[in-house]
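Colleague: Sequence and predicted structure, then a few things I'm wondering about:
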Amino acid sequence: MSLRVLVTGAAGQDGAYLCRDLLAAGCTVHAGLRPDWSDDSLWRLRELGLLGRPQLRLLALDVRDAAACSAAVEQVRPQQLFHLAAISSVAQALADPLGAVASNGDGTLYLLEALRRHASDGRFVLASSGEIFVPRHGVVDEGCALRARHPYALSKLLAHTAVRCYRDSYGLHASAAILFNHESPLRGAAFVTRKIAAAAARRAAGDKTVLQLGNLDAQRDFGYAPDYVAGLRALAALEQPDDLVFASGQSATVRAFATAAYAAAGIALDWHGRGRDEYALDRRDGQHCIAVDAALFRPADAPVLRGDPTRARRKLGFVNSVDLAGLARLQVDAERYRLGSSSA
């Protein structure tokens, strides 16, 4: 019999890649979607050619509803449950902190309780976040102290500690994947890497709109989403549950990513100024490409965020297969393809 798997957030970047890999492995995948899902919201599953597969079962599930979570788990009785549904944008969580806690924190608790009651032998994996840790010398590992700097981190901190609680109190095979930034052609439009890649593709096509960005000096650990999704599956397969950091181990500034993305579009940037007065010019014509918008700065932001994936590499064989330039190229190529498709 095929493995029964429930994936919440199946229409998101990680959820779509995870569904693809699980289906390729012969699993029956119950794809949890927002109750108000539409055909447009399934664009990632469509791009991956997954819609219509008989082993992919679409399931409306509001993770903020305890009764709905209980009913879904009782119906599916999953052998593995990957909880990826979340408000994943720091900006969105800042605008709606209660909604972020309800979706990210309470939803995790509801699913863990449902698993305990209806499928206690099932294995649970949470998409946690490196944002909930206090870095040591700019680096986060599993032993770092926990702290919430902003509402997104607060919501993820609740989820992360709920996993530990249900593992310790009830013996559930519950693990947390501590994820750092991971990018792909399926990245959502609200994320800075997608904004940069799309702007670079548009400028290469002749659009002269100036891209507005926030803190160019913010450093993030950028990895490749399919690598991280493979790590989620490996984490679920561990004999004993664990919480592991998934990261590249390298950090790069937003400026560096923008430079790589525009280079992938055939545009060399010249940077001028400092801080909030910094801007980038298109070397070809000297026109402004990028400017800083102070309104886009986060009120509480870690200037450097880098993960240490040593334990994940040792325990799971976790790898990072794409470097920063490669990530930028993949995203820009996808945006150029979409531009061409929309104009066809």
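Modeller: Now that the structure is in, tell me what you want to look at. A quick note: this is a predicted structure, and the numbers were derived from the prediction, not measured.
Colleague: In stretch 47-56, which residues are buried?
Modeller: Leu50, Leu56 (16 or more other CB atoms under 10 Å). For every residue, glycine as well, the C-beta is placed using N, CA and C.
Colleague: CA atoms of it as CSV?
Modeller: What follows is stretch 47-56, C-alpha atoms only, in CSV (Å, rounded to 0.1, in the frame of the first residue of the first chain):
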residue,chain,number,x,y,z
GLU,A,47,3.3,24.5,-13.4
LEU,A,48,4.6,21.2,-11.9
GLY,A,49,2.0,19.2,-13.8
LEU,A,50,0.5,17.7,-10.7
LEU,A,51,-3.2,18.6,-11.1
GLY,A,52,-5.3,15.7,-12.2
ARG,A,53,-3.0,13.1,-10.8
PRO,A,54,-5.1,10.3,-9.3
GLN,A,55,-2.9,10.0,-6.2
LEU,A,56,-3.2,13.8,-5.4
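Colleague: Next, give phi and psi for Ala312.
Modeller: Main-chain dihedrals, Ala312, degrees, to the nearest 10: phi -70, psi -40.
Colleague: mind listing what Ala68 touches?
Modeller: Leu61, Asp62 (CB atoms under 8 Å, 6 or more residues apart in numbering).
Colleague: what about it, is that helix, strand or coil?
Modeller: Here Ala68 is helix, with the state taken from DSSP: H, G, I helix; E, B strand; the rest coil.
Colleague: Make sure I have this right: Arg233 is in a helix.
Modeller: Yes: counting by three-state DSSP, Arg233 is located in a helix.
Colleague: tally of neighbours for it?
Modeller: Using other CB atoms under 10 Å, Arg233 has 18 other residues around it.
Colleague: Name the nearest residue to it, ignoring sequence neighbours.
Modeller: Asp21 (6.5 Å; CB to CB, 6 or more residues apart in numbering).
Colleague: same thing with Leu244?
Modeller: Ala312 (4.4 Å).
Colleague: so is Tyr110 in a helix, a strand, or just coil?
Modeller: Tyr110 - assigned by three-state DSSP - is helix.
Colleague: pLDDT score assigned to it?
Modeller: In this model, Tyr110 is scored at 98, pLDDT.
Colleague: List the contacts of it.
Modeller: Per CB under 8 Å, 6+ apart, neighbours of Tyr110: Val63, Arg64, Asp65, Ala66, Cys69, Ser70.
Colleague: And it, how far from Leu238?
Modeller: The gap separating Tyr110 from Leu238 is 24 Å, by CB to CB, to the nearest Å.
Colleague: now Leu269
Modeller: From Leu269 to Leu238 the distance is 43 Å (CB to CB).
Colleague: between those two, which one's more packed in?
Modeller: Leu269 (20 against 15).
Colleague: hey, what's the more buried one bridged with?
Modeller: Asp282 (DSSP bridges).
Colleague: Now do the contacts for it.
Modeller: Contacts of Leu269 by CB under 8 Å, 6+ apart are Ala258, Thr259, Tyr262, Ala263, Ala280, Leu281, Asp282, Arg283, Cys289, Ile290.
Colleague: PyMOL command for the buried members of those?
Modeller: Only the buried entries of the contacts of Leu269 go into this PyMOL selection, using 16+ other CB under 10 Å:
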select buried, resi 258+259+262+263+280+281+282+289+290
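Colleague: just the strands in the stretch 51-200 of the chain please.
Modeller: Using DSSP state E, counting those that start in this stretch, the strands of the stretch 51-200 of the chain run over 56-60, 80-83, 123-129, 139-140, 173-179, 182-183.
Colleague: so which of the ones you listed comes closest to Phe318?
Modeller: strand 173-179 (10.0 Å; CB to CB).
Colleague: quick one: average confidence on that closest one?
Modeller: Strand 173-179 comes out at a mean pLDDT of 98.
Colleague: Please identify the pairing partners of it and their relative orientation?
Modeller: strand 123-129 (parallel), strand 243-246 (parallel).
Colleague: Quick one: closest of those to Glu183.
Modeller: strand 243-246 (13.2 Å).
Colleague: hmm, who's touching that closest one?
Modeller: 128, 130, 140-142, 160, 163-164, 175-180, 182, 223, 227-228, 231, 235, 307-309, 311-312, 315-316, 318.
Colleague: coming back round to it: tell me how far the residue nearest to Leu244 lies from Gly231.
Modeller: 6 Å.
Colleague: Common neighbours of the two, please.
Modeller: In contact with both Ala312 and Gly231: Leu244, Phe246, Phe318, using CB under 8 Å, 6+ apart.
Colleague: I'd like those residues as CSV, with distance to Ser88 and neighbour count appended.
Modeller: Compiled in CSV, those are given as follows (distance: CB to CB, whole Å; neighbours: other CB atoms under 10 Å):
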residue, distance to Ser88, neighbour count
Leu244, 19, 26
Phe246, 15, 29
Phe318, 21, 23
